[in-house]
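Undergrad: A structural model of the following input is requested.
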Amino acid sequence: MAEPKLGRLRLSPLGDCVLLVELGSDASEQTTQGVRAVAEYLLGHPLAGVRDVVGAVCTVALHYDPLKIEPMPAAQTPFEALALQVTQALSSLDPAATASPGEHQIPVCYGGEFGEDLEAVAQAHGLTGAEVIALHSAPVYRVQMLGFAPGFAYLVGLDARLATPRKATPRTRVPAGSVGIGGELTAVYPLDLPGGWHLIGRSPVSFFDPGSERPSLLIAGDRVRFLPITPQQYAELDRDTRWR
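TA: Numbering: from 1, shown residues only. Okay, here's the model as predicted:
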């Protein structure tokens, strides 16, 4: 069988009900593109017995029911049968041919009641609040993966001058739309959640809607740019149902 255009895949069991497809050993853009391509393809072309397909930083996990996996002549176990099916399914998949990443401009009101940790982050790095805002809103971020909670997108591309360890004591509730910094990453809380990231702003955009065809606004590989707005603009956008 020809080697997949994705490169040589490493398939391994994770317990007795999960098959792990490893697409790289780093968090590069190429790996993210491969993870996204594999996850989208296997979700769109489901294999018998596979209950869920979950993409991470470098891997895609297939959760399956061993009793429902289609037998294969050369396989002695459900895992071996599924591994053969996955290898065949992905043999001609070309990540470069998948849909282009989505691009999002996300309005954010920084500081004050919307980002109560902004000044603390600024002081920790010897910066002003305005400098933190400028540094945070300058990059074009890449969605590395979704995790922690539905629609929670980990964004890479944060300026190294803003990298800040997570809070020692997490908050019990972080409002939906809050923009935070956790280590070398930034993210937007899609729902009211507990969390230990440093909050520097908030967006009026809805990031997760379980009732829509695409529940999460952001998916792996998407590009994100933050646009600073005033409290008045936040209030106006928050009233606009197009953002909800």
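Undergrad: which secondary structure elements does the longest helix anywhere in the chain contact?
TA: Secondary structure of the chain per DSSP state H: the longest helix is helix 29-44. For helix 29-44, the packing partners by 3 or more CB pairs under 8 Å, 6 or more residues apart in numbering; DSSP states H and E come out as strand 50-55, strand 59-64, helix 78-90, strand 141-146. Glycine gets a C-beta too; all of them are placed from N, C-alpha and C.
Undergrad: now do 7 Å
TA: Packed against helix 29-44 by the contact rule (3 or more CB pairs under 7 Å, 6 or more residues apart in numbering; DSSP states H and E) you find strand 50-55, strand 59-64, strand 141-146.
Undergrad: pipe those strands into JSON lines and attach distance to residue 211 and mean neighbour count per row.
TA: Formatted as JSON lines, the helices and strands packed on helix 29-44 follow (distance: least, CB to CB, whole Å; neighbours: other CB atoms under 10 Å):
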{"stretch": "strand 50-55", "distance to residue 211": "19", "mean neighbour count": "18"}
{"stretch": "strand 59-64", "distance to residue 211": "23", "mean neighbour count": "21"}
{"stretch": "strand 141-146", "distance to residue 211": "18", "mean neighbour count": "22"}
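Undergrad: just tell me which of these ends up closest to residue 100.
TA: Closest to residue 100 of the helices and strands packed on helix 29-44 is strand 141-146 (CB to CB; 13.0 Å).
Undergrad: from the chain's centroid, how far away is that closest one?
TA: Between the centre of strand 141-146 and the centre of its chain there are 4 Å (CA atoms, centre = their mean, to the nearest Å).
Undergrad: partner strands of that strand, with direction?
TA: Here strand 141-146 is paired, per DSSP bridges, with strand 153-156 (antiparallel), strand 223-229 (antiparallel).
Undergrad: before we move on, what SS does the residue sitting furthest away from the middle of the chain have?
TA: Going by CA atoms, centre = their mean, the residue of the chain most distant from its centre is residue 73, 37.5 Å out. Per DSSP: H, G, I helix; E, B strand; the rest coil, the secondary structure class of residue 73 is coil.
Undergrad: rewinding a little: could the strands paired with strand 141-146 go into TSV alongside distance to residue 56, mean neighbour count and mean pLDDT?
TA: Shown next, in TSV, are the strands paired with strand 141-146 (distance: least, CB to CB, whole Å; neighbours: other CB atoms under 10 Å; pLDDT from 0 to 100):
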stretch	distance to residue 56	mean neighbour count	mean pLDDT
strand 153-156	10	22	95
strand 223-229	19	18	97
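Undergrad: so which of these gets nearest residue 213?
TA: When those are compared by CB to CB, strand 153-156 sits nearest residue 213, at 18.0 Å.
Undergrad: how about the helix or strand just after that closest one: buried residues?
TA: Next helix or strand after strand 153-156 toward the C-terminus (DSSP states H and E): strand 171-174. The neighbour-count check on strand 171-174 (16 or more other CB atoms under 10 Å) flags 171, 174 as buried.
Undergrad: okay then, goodbye and thanks.
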